[in-house]
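**Q** everything below, folded, please.
(chains A, B and C)
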Amino acid sequence: MPELPEVEIVRRGAHHWFAGRRIRSVTVSNPRAIRRHEQGEADFIGQLVGATITGTQRRGKYFWFTLDSGDVLVVHLGMSGQVLVQQAADEPNKHLRVRLTFDNDVDELWFVDQRTFGGMFIDEAADENSLPVSLTHIAPDPLSAEFDLRNTVRRMRAKQSPVKAVLLDQSVVSGIGNIYADESLWRARLHWQRPASSVTPARLREVLDHSREVMTEALAAGGTSFDSLYVNVNGSSGYFSRRLAAYGREGEPCLRCGSPLVREQFANRSSFRCPRCQRRGKWSRAENG
DNA sequence: TTACTGACCTGCACGC
DNA sequence: TGCGTGCAGGTCAGTA
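**A** A predicted model of the protein is given here:
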């Protein structure tokens, strides 16, 4: 499942392969993949054909290609999206949604997405950093230079929701998904259900520090892969899943205390924690200040 | 304004 | 073997 480290790896690969390339043609195989481009398929194609990719940038789980037209081509991988560099002669993938060819007539960009939760759209740049207008509500991620730890802690403390829900709220802190939320909370020994408002600022800083730490490690390992749904632009998987301490380890011993990890339902998805290190306990604003 | 829930989507695992 | 069901989960619209 692509979260920040996986998206960053894809962005770097896409930058390496496609920066400086002029788009020759665009084929949309499934309109759902460009559903967020409100002007429709013809406009999407019309704006891209002839444009040159000047670079790439990222915020949270979104990344985008900057174009010489001044606009940007935004990509979100959703659950299963892949941006692949393919050769013109390659057999079409069953889940190929959008295909870009370039002037060199050899390498192509394929947006492949099995579950079609991801997509592409063209947007205007909101500022000198080319942040797309539609992404201005996305908060900086813990690995970015704009990330403001103190402000993020303040915003988290204003929420009554479970601390995990706040970590997943991309308007508070971006880039963290279900996997890295569980890993960060495990490292911080914090129960996922605890209201964010009841956690001390120091503890929240600790959680955010752990999120930065675990995502940096995942980035170095090439990302987290459980199956073929996450791959880099060359089609290779990452290895960080072997080093996960909490996510997906139901029944396996906690790496700290040996207690079997438990899986719990959280907003129609799974949450993994150590019942001993991450106790439910009692909490209130009064007792935690 | 804030918090919560369901829908979207497809392949796979599992039980019958 | 074939069918039905549940599960995975990021984002957003709708609702309370």
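**Q** got the contact list for the strand or helix carrying residue A:209?
**A** In this structure, residue A:209 is located in helix A:201-220 according to DSSP states H and E. The set of residues that contact helix A:201-220 without belonging to it, under C-beta atoms under 8 Å, 6 or more residues apart in numbering, is A:3-6, A:8-9, A:142-143, A:149, A:152-154, A:156-157, A:163, A:167, A:173, A:175-176, A:180-181, A:183-185, A:187-188, A:190, A:196, A:199, A:224, A:238, A:240, A:243. (Each C-beta comes from the backbone N, C-alpha and C, glycine too.)
**Q** near DNA strand B, list only the ones from the residues you listed.
**A** When the contacts of helix A:201-220 are checked against DNA strand B using C-beta under 7 Å from any atom of the strand, none falls in range.
**Q** in PyMOL, select just the buried ones from these.
**A** When burial is assessed using 16 or more other C-beta atoms under 10 Å, the buried subset of these is captured in PyMOL by this command:
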select buried, chain A and resi 3+4+5+6+8+9+142+143+152+153+156+157+163+167+173+175+176+180+181+183+184+185+187+188+190+196+199+224+238+240
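**Q** closest point of the stretch 51-200 of chain A to DNA strand C, which residue?
**A** residue A:177 (3.1 Å; C-beta to the nearest atom of the strand).
**Q** how about the helix or strand just after the helix holding residue A:209: buried residues?
**A** Per DSSP H and E, helix A:201-220 leads on to strand A:262-266 as the next helix or strand towards the C-terminus. For strand A:262-266, burial by neighbour count (16+ other C-beta under 10 Å) applies to A:263, A:266.
**Q** how about the residues of the stretch 51-200 of chain A by DNA strand B?
**A** Counting by C-beta under 7 Å from any atom of the strand, the positions of the stretch 51-200 of chain A adjacent to DNA strand B are A:79, A:94-95, A:114-117, A:158-162, A:165.
**Q** could you redo the last one with a cut-off of 10 Å?
**A** For the stretch 51-200 of chain A, the contact set with DNA strand B under C-beta under 10 Å from any atom of the strand comprises A:78-80, A:94-95, A:97, A:113-117, A:155, A:158-162, A:165-166, A:168-169, A:171-172, A:193, A:195-197.
**Q** which of those residues are close to DNA strand C?
**A** Those of those which are also neighbours of DNA strand C are A:78, A:79, A:80, A:114, A:115, A:116, A:117, A:165, A:168, A:169, A:171, as judged by C-beta under 10 Å from any atom of the strand.
**Q** now the buried members of these.
**A** Buried residues within those, counting neighbours by 16+ other C-beta under 10 Å: A:78, A:80, A:114, A:116, A:165, A:168, A:169.
**Q** among these, name the ones in helices.
**A** Of the positions in these, A:165, A:168 sit in helices, assigned by DSSP state H.
**Q** helix/strand/coil for the nearest residue to residue A:37 once chain neighbours are set aside?
**A** Residue nearest to residue A:37 in three dimensions, not counting chain neighbours: residue A:121, with 3.9 Å by C-beta to C-beta, 6 or more residues apart in numbering. Applying DSSP: H, G, I helix; E, B strand; the rest coil to residue A:121 yields a three-state assignment of strand.
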